[in-house]
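Participant: Give the three-dimensional model of this entry:
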Amino acid sequence: MKKFLPIIIAGLLFGFIGISVKLINNEINPFALNFFRFLAAFLVLLMLSPLIDSDSLKINKKNLGSSIITGLLFAVTTSLFVFSVSKTTISNAVLLQSIQPFFIMFIAYFSLSERITKTKIITLVIALIGIYVINPITTGNLTGNITALASGLAFAVLTVYMRYEDKKLHHTSTLWYMFFAAVFMIPFPILFGVGELAKNILYILMLGGLGTGLAYFLYNLSLERIEAEMASLFTMILLPLSSIILGILIIKEKLLLNTVIGGLILLISAIYLEIHSKKVRRTKN
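Facilitator: Numbers count the residues shown, from 1 in each chain. I've put the predicted structure just below:
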């Protein structure tokens, strides 16, 4: 049980992302906010990463190009998610983003020649039923719900790119992904201003320091103890669960019955697809 403790804590900390955005309450533009998030995360990882690996502050010039692209994709993915949370409910945002394994299925088919099996098609149909039950057109904010789906698509592109480049989230690379993501987000505080920055500094530290920097540090630490596939499954379960629970407890966000039922259908099908897809890739190898 001890070896699973870092990934459990990381999964719970990821839940602070949604609640932090809600507590800031659009007093900082969502895209400008994401710059401060990445900056805080980078500084936290800058302090903590050397505790795992003394060489984590060095960047391999050979990997510089892929690190920059990953940072860009990471910035796009998380910015869309932050924007979606600022517009719709936390539950809708985290659950609709969970569609990303199904986007991965199609992108990987064309870019990595991964097979689309009958099981994958069945789980996709079940997931679509889950989305239908959640009813993103009339439940929550339509723009926020669509952006959450777009975030899932961007997350899928990021995942497939990292798989194509054979890159993983570990202590050395994550530090630099955060750095380059922050660099790409620099224009937004200039364009939109910093808003009520001083007033919300605690929530920014919660978002960037706890929900991103420390969460990824513990996630990376867990990869030293358990398989990456197991860590991914833990995150898929704990992130939406902790996000929704914190939303209910802290800001009294209402959880509709159709969201609960549809979310469970979507999550279970996504988790099953993830397990099945990894079995297919192992068979291929």
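Participant: Every contact and neighbour count from this point should use C-alpha atoms.
Facilitator: OK.
Participant: and Thr95, what does it touch?
Facilitator: Careful, residue 95 is Leu and not Thr. Shown in contact with Leu95 (C-alpha atoms under 8 Å, 6 or more residues apart in numbering): 240, 263, 266-267.
Participant: Ok, Ile24 next?
Facilitator: By C-alpha under 8 Å, 6+ apart, Ile24 lies in contact with 200, 203.
Participant: Just the CA coordinates for the helix or strand Ser173 falls within, please, in CSV.
Facilitator: Assigned by DSSP states H and E, Ser173 falls within helix 171-185. Only the C-alpha atoms of helix 171-185 are listed here, as CSV (Å, rounded to 0.1, in the frame of the first residue of the first chain):
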residue,chain,number,x,y,z
HIS,A,171,11.2,14.2,-13.0
THR,A,172,13.6,15.6,-15.6
SER,A,173,11.2,16.2,-18.5
THR,A,174,8.2,17.5,-16.6
LEU,A,175,10.2,20.4,-15.2
TRP,A,176,11.1,21.6,-18.7
TYR,A,177,7.6,20.9,-20.0
MET,A,178,6.3,23.4,-17.4
PHE,A,179,9.0,25.9,-18.3
PHE,A,180,8.2,25.9,-22.0
ALA,A,181,4.5,25.9,-21.3
ALA,A,182,4.9,29.0,-19.2
VAL,A,183,7.0,30.6,-22.0
PHE,A,184,4.2,30.0,-24.5
MET,A,185,1.7,31.6,-22.1
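Participant: From the rest of the structure, what touches it?
Facilitator: For helix 171-185, the surrounding residues in contact (C-alpha under 8 Å, 6+ apart) are 31-32, 34-36, 38-39, 41-42, 45-46, 49, 52-53, 55-59, 67-68, 70-75, 216-217, 220-221.
Participant: could you flag which of those are buried?
Facilitator: Neighbour-count burial (16 or more other C-alpha atoms under 10 Å) is assigned, among the contacts of helix 171-185, to 31-32, 34-36, 38-39, 41-42, 45-46, 49, 56-57, 67-68, 70-75, 216-217, 220-221.
Participant: so what's Leu267 scoring on pLDDT?
Facilitator: The model reports Leu267 with a pLDDT of 89.
Participant: So which of the buried ones among the contacts of helix 171-185 are in helices?
Facilitator: Under the assignment DSSP state H, the buried ones among the contacts of helix 171-185 contribute 31-32, 34-36, 38-39, 41-42, 45-46, 67-68, 70-75, 216-217, 220-221 to helices.
Participant: is it true that Ile8 touches Leu238?
Facilitator: Yes: applying C-alpha atoms under 8 Å, one finds Ile8 in contact with Leu238, separated by 7.4 Å.
Participant: following the helix holding Ser173, which helix or strand comes up?
Facilitator: Using DSSP H and E, the helix or strand that follows helix 171-185 in sequence is helix 187-192.
Participant: Against which helices or strands is that next one packed?
Facilitator: Applying 3 or more C-alpha pairs under 8 Å, 6 or more residues apart in numbering; DSSP states H and E, one finds that helix 187-192 contacts helix 30-48.
Participant: chain center to the helix it packs on: distance?
Facilitator: Distance of helix 30-48 from its chain centroid, counting by C-alpha atoms, centre = their mean, to the nearest Å, is 15 Å.
Participant: Strands of the stretch 51-200 of the chain, start to end?
Facilitator: For the stretch 51-200 of the chain, no strands turn up when DSSP state E, counting those that start in this stretch is the criterion.
Participant: Sketch out the low-pLDDT regions of it for me.
Facilitator: Applying pLDDT under 70 to the stretch 51-200 of the chain flags residues 54-56, 166-172.
Participant: go again using 80 as the cut-off
Facilitator: Within the stretch 51-200 of the chain, the ranges that satisfy pLDDT under 80 run 51-63, 112, 137-140, 163-173.
Participant: Show the residue spans covered by the helices in the chain.
Facilitator: 5-14, 16-24, 30-48, 64-87, 90-97, 100-111, 118-134, 142-164, 171-185, 187-192, 201-204, 215-223, 228-250, 257-284.
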